[in-house]
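Colleague: this is a predicted model, with the sequence first.
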Amino acid sequence: MTFQAVWKRFKRRKTSLIALFILLFIFAVALVGPFFTKYEPTEMALKNKYAPVSLDNPLGTDQLGRDTLTRLIYGSRVSLSIAFAGVLSGCFVGVLLGVLAGYFGSWVDSLISRLIDVLLAFPGLLLAIAIVAILGNGVLNTMIAVAIFCVPSMARIVRGIVISLKNQEFVQACQVMGASTGRILFRHVLTNAMSMIIVTVTLDLGSSILTASALSFLGLGVMPPNPEWGAMLNAGKEVMRSYPLGVLAPGLAITIVVISFSLVGDGLRDALDPRLKNLKIGESQ
């Protein structure tokens, strides 16, 4: 399917199209926004703490006099970086495990499936908390936790797709013609599974931002003074009544981004292959 055909079908879903433009705007703010801010994200002015909304501080200041808008903009970089790095690396491992399990079957499938079952036995957030508790706090360890969080669902999805594809006639024809296993997997099988992989990655991006923010909110992810939306929520909850913007600003940012990723994922699912809407994310065969 060509890009023009996918785009034509995608833009029919107006909510997904609006969500895409919102995400593009947020990406642009994260990329170029810091070049236009007047303050540094860690710049403190204790005499100006909890300052009200003004031209100098459009969203006021926090308990240390730091500009909330500046920290929100810099925090978008941290949150999106964790999401993209964690999801892409986790989904890469998940795709690899799913392909191996689905195509080779036998003891390879049994071994990988039992590993995935162990990871799926833990609720997603609990698994991320356990990983960060073992590795320690920090941006890198939060990325690793998000990556491991994404592995099992992607592996099960790809495994199911590969099992359904490996007995198709075009795969058997390639085997008869003497094509190498690598060529069959990466040239034919994964190409046909790419629609579902793209949709799953998009949906996982929203979940990963929520997970990373939850870890930071609990004091297990990105630590102060680094600006991150979940950490900003944690700092603002103590003075929520007197300074509601400290909670509302990062909370709305998380909500908007997560919902936007979900809507874009739904739009991509329908645009890439309408039959995918009848499949459940995470369903295995």
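Modeller: Happy to help now that I have it.
Colleague: list the buried residues in stretch 222-242.
Modeller: V222, N226, P227, E228, W229, G230, A231, M232, L233, N234, A235, G236 (16 or more other CB atoms under 10 Å). For glycine as for every other residue, the C-beta is placed from the backbone atoms N, C-alpha and C.
Colleague: can you put these in a markdown table and add secondary structure, distance to S195 and pLDDT?
Modeller: Shown next, in a markdown table, are the buried residues of stretch 222-242 (DSSP: H, G, I helix; E, B strand; the rest coil; distance: CB to CB, whole Å; pLDDT from 0 to 100):
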| residue | secondary structure | distance to S195 | pLDDT |
| --- | --- | --- | --- |
| V222 | coil | 33 | 84 |
| N226 | coil | 37 | 83 |
| P227 | coil | 36 | 86 |
| E228 | coil | 33 | 88 |
| W229 | helix | 31 | 90 |
| G230 | helix | 32 | 89 |
| A231 | helix | 36 | 87 |
| M232 | helix | 36 | 88 |
| L233 | helix | 35 | 88 |
| N234 | helix | 38 | 86 |
| A235 | helix | 41 | 84 |
| G236 | helix | 40 | 83 |
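Colleague: give the contact list for L64.
Modeller: M44, A45, L46, K49 (CB atoms under 8 Å, 6 or more residues apart in numbering).
Colleague: between the buried residues of stretch 222-242, which sits nearest K14?
Modeller: W229 (27.2 Å; CB to CB).
Colleague: isn't the closest one right next to G75, touching?
Modeller: Yes: counting by CB atoms under 8 Å, G75 is a contact partner of W229 at 4.9 Å.
Colleague: intersection of neighbour lists for these two?
Modeller: Residues touching both W229 and G75 comprise P250, A253, with contact defined as CB under 8 Å, 6+ apart.
Colleague: cross the contacts of L64 against helices and list the overlap.
Modeller: Counting by DSSP state H, no part of the contacts of L64 is found in helices.
Colleague: redo the buried residues of stretch 222-242 as JSON lines? Include distance to L248.
Modeller: Putting those into JSON lines (distance: CB to CB, whole Å) gives the following:
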{"residue": "V222", "distance to L248": "20"}
{"residue": "N226", "distance to L248": "21"}
{"residue": "P227", "distance to L248": "16"}
{"residue": "E228", "distance to L248": "16"}
{"residue": "W229", "distance to L248": "12"}
{"residue": "G230", "distance to L248": "14"}
{"residue": "A231", "distance to L248": "16"}
{"residue": "M232", "distance to L248": "11"}
{"residue": "L233", "distance to L248": "10"}
{"residue": "N234", "distance to L248": "14"}
{"residue": "A235", "distance to L248": "13"}
{"residue": "G236", "distance to L248": "8"}
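Colleague: hmm, back to that, format the contacts of L64 as JSON lines; extra columns: distance to A133, neighbour count and pLDDT.
Modeller: What follows is the contacts of L64, written out as JSON lines (distance: CB to CB, whole Å; neighbours: other CB atoms under 10 Å; pLDDT from 0 to 100):
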{"residue": "M44", "distance to A133": "30", "neighbour count": "16", "pLDDT": "82"}
{"residue": "A45", "distance to A133": "35", "neighbour count": "14", "pLDDT": "80"}
{"residue": "L46", "distance to A133": "33", "neighbour count": "10", "pLDDT": "79"}
{"residue": "K49", "distance to A133": "32", "neighbour count": "16", "pLDDT": "84"}
